[in-house]
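Trainee: My questions concern the predicted model and sequence given below.
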Amino acid sequence: LPAAAQEEMEEVVAMLTEAAAQGHVEARAYLAAIYAFGEAVAQDDGRAFELYRQAAQQGRASSQYNLGVMYQDGRGCEQSHERAVEWWTKAADQEDADAQCQLGTAYQEGRGVPQSYERAAELYKLSAAQGHAKATNSLGICHSNGWGVNHSYAEARRLYELAVARGETKAAPGYLQIINDFIQQDCPLLGQRVVLRGLTTATLIGTRGTAIDFGFSERNPTTGNWFTASG
C-alpha cells in the first residue's frame, strides 16, 4: 500500500483492536478478516481464528461460517471437519447462505457428517433460494445425477443457466455444456413439439404436446445403469 493508505489502515486496525477488546462483535469480525488476509498487518491465522471464534460465540452468523472454514482448512487451529460442520450448522440455522451451501457440500461428500444426498439437496435449495450462485450450481449437479432429488435434465439445465446468470463462472458453464451435450445425445426432442405414438394407453396415442423433461427413474438391477424416463 502507499504510505498514506498504510497509515490510514493502521489507524483503522488500532480502532478495531480497541473496539474488539471491549467486546464489539462487528469489530472482532472485521479485524479477523484483516488478519486472515493480511491487509495492512502481517497475516496471522492464529489471531484471525481467535477473533472469528469470539464473534461466532456472540452469535454472528458470518463469523460462525468463517470459523467453520478455518476448522476445515486447519488455519490457526487443528483441522477438524466435525468442528467445521458444527459451526456451519449454527450459521445455517440463522439462514446464512454461504453456510447452507458449505454444509450441503459436507453432506454430499460425507465430510464431518454421515453422507446424505437428500440433506445436501435440501441445504442447496435453501441457499439457492437466497440467490447463492454456487449453491444453485450444486443443486443443478444434484438434479443432473438424481442425488436426493428427481433426476431431471431440464431442471439441471435451468439451474446451470441460473447459476451462470448469478455469476458462477468457474464451474457452471462447463456443467451447462455437458448437460446440453447429454440432452442432444439422449433427448434431442426436449422442448420440441412431439406426437405420442406406440403407447399402451390407447387414449394417449396421437396426443400432441411438448417434451418438457428427460431423466432417469430407476436402475437396471443387473447392469446398474439408469432406465430412461421422459415426460
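Mentor: It's in. What you see is a predicted model, and the numbers here were worked out from it, not measured in a lab.

Trainee: All the helices of the protein, residue numbers only.
Mentor: 3-21, 25-37, 45-57, 61-73, 81-93, 97-109, 117-128, 133-145, 153-165, 172-186 (DSSP state H).

Trainee: If you count contacts, what does the last one end up packed against?
Mentor: Identification of packing neighbours for helix 172-186 by 3 or more Cβ pairs under 8 Å, 6 or more residues apart in numbering; DSSP states H and E yields helix 133-145, helix 153-165. Any C-beta I mention is one placed from the backbone N, CA and C, and that applies to glycine too.

Trainee: So which of those is nearest Val69?
Mentor: helix 133-145 (13.6 Å; Cβ to Cβ).

Trainee: In PDB, could you pull the C-alpha coordinates for that closest one?
Mentor: Output of helix 133-145 as PDB, limited to C-alpha atoms (Å, rounded to 0.1, in the frame of the first residue of the first chain):
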ATOM      1  CA  ALA A 133     -24.700 -18.900  -7.200                       C
ATOM      2  CA  LYS A 134     -22.500 -21.800  -6.100                       C
ATOM      3  CA  ALA A 135     -25.500 -23.500  -4.300                       C
ATOM      4  CA  THR A 136     -27.600 -23.000  -7.500                       C
ATOM      5  CA  ASN A 137     -24.900 -24.800  -9.500                       C
ATOM      6  CA  SER A 138     -24.600 -27.600  -6.900                       C
ATOM      7  CA  LEU A 139     -28.300 -28.100  -6.900                       C
ATOM      8  CA  GLY A 140     -28.100 -28.500 -10.700                       C
ATOM      9  CA  ILE A 141     -25.500 -31.200 -10.200                       C
ATOM     10  CA  CYS A 142     -27.900 -33.000  -7.900                       C
ATOM     11  CA  HIS A 143     -30.700 -32.900 -10.500                       C
ATOM     12  CA  SER A 144     -28.200 -34.000 -13.200                       C
ATOM     13  CA  ASN A 145     -27.300 -37.100 -11.200                       C
END
